[in-house]
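**Q** the sequence and its predicted three-dimensional model are supplied below.
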Amino acid sequence: MKINILTLFPKMFEGFLNESIIARAIDANLVEINVIDIRNFCNDKHKQADDIPFGGGAGMVMKIEPILAALETVSGKIIYTSPQGITLNQNLVNVLKDLKEITIIAGHYEGIDERIIETKVDMEISIGDFVLTGGELAAMVISDAIIRLVPGVIKKESYENDSFFNGLLDYPHYTRPAEYQGLKVPEVLISGNHKKIDEWRLKESLKRTYLRRKDLLKNREFTKLEIKLLKEIEKELIE
């Protein structure tokens, strides 16, 4: 998969590209990330990529010419990071991961010239109901969420248990030592009984979702086991 990111601040991506799972995915040629400096497509000697807004007002607006010129060098679905876009969720990530190439425009200042959105942008994506100083962090979040699902980047069973992947929040995780300063790991996890472990994890996942994000259960088609476990959870909570 190839991800192009158009930005005014390419150095912000240095750590993102050179550390942890993302770096390993790039080294293994599982993904290509192409960070493009929009200023390289400015024709004036000062490399000015923004200007004052027509009609007045605070802030600056990213200019149309350099962004359109940069877009001529890439392909794939064009995404613009914007608080006005659809909210990123796991279902959307699952769709984006199947694309061969995407291009993300990281907005800055008051945003980009609206004519770019009207003529070139396929999708505006928000990472939440808040505003950042720029779209670079949002571009990293979108990229990270996609890359970890690319085959070979991490083990399939790792992300299949993630929160939201199967419509539920993740269950609790523990590691060695089994006891520390009187704090113990649940006995079932060290029992060796994998059937009981799987059931415990499902129950804990359902419980967390029930308590923290009950909305996720609204349209879920429950299995017989899930119905049984939910009844146990509700009984425990009442008691």
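**A** Arrived safely, thanks for sending.
**Q** what average pLDDT does whichever helix in the chain runs longest get?
**A** What stands out as the longest helix in the chain, according to DSSP state H, is helix 194-212. Mean pLDDT, helix 194-212: 97.
**Q** buried residues, it. List them.
**A** 200-210 (16 or more other C-beta atoms under 10 Å). The way it works is simple: take the backbone N, C-alpha and C, and place the C-beta from them, glycine included.
**Q** over to stretch 122-134?
**A** 123-127, 132, 134.
**Q** show me what the helix or strand of the chain with the lowest mean pLDDT is packed against.
**A** Across the helices and strands of the chain, mean confidence by mean pLDDT, DSSP states H and E is lowest for helix 156-160: a mean of 80. Judged by 3 or more C-beta pairs under 8 Å, 6 or more residues apart in numbering; DSSP states H and E, helix 156-160 is in contact with no other helix or strand.
**Q** so how far is residue 31 from residue 176?
**A** 32 Å (C-beta to C-beta, to the nearest Å).
**Q** isn't residue 141 right next to residue 128, touching?
**A** No: counting by C-beta atoms under 8 Å, residue 141 stays clear of residue 128, with 9.2 Å between them.
**Q** who touches both of these two?
**A** Residues touching both residue 141 and residue 128 by C-beta atoms under 8 Å, 6 or more residues apart in numbering: residue 88.
**Q** picking up where we left off before, closest to residue 106 out of the buried residues of stretch 122-134?
**A** Using C-beta to C-beta, residue 134 comes nearest to residue 106 of these, at 6.3 Å.
**Q** give me the residues contacting the longest strand belonging to the chain.
**A** Determined from DSSP state E, the single longest strand within the chain is strand 77-87. Residues outside strand 77-87 that contact it (C-beta under 8 Å, 6+ apart) are 71, 92, 96, 99, 101-107, 111-112, 116-117, 120-131, 135, 138-139, 142.
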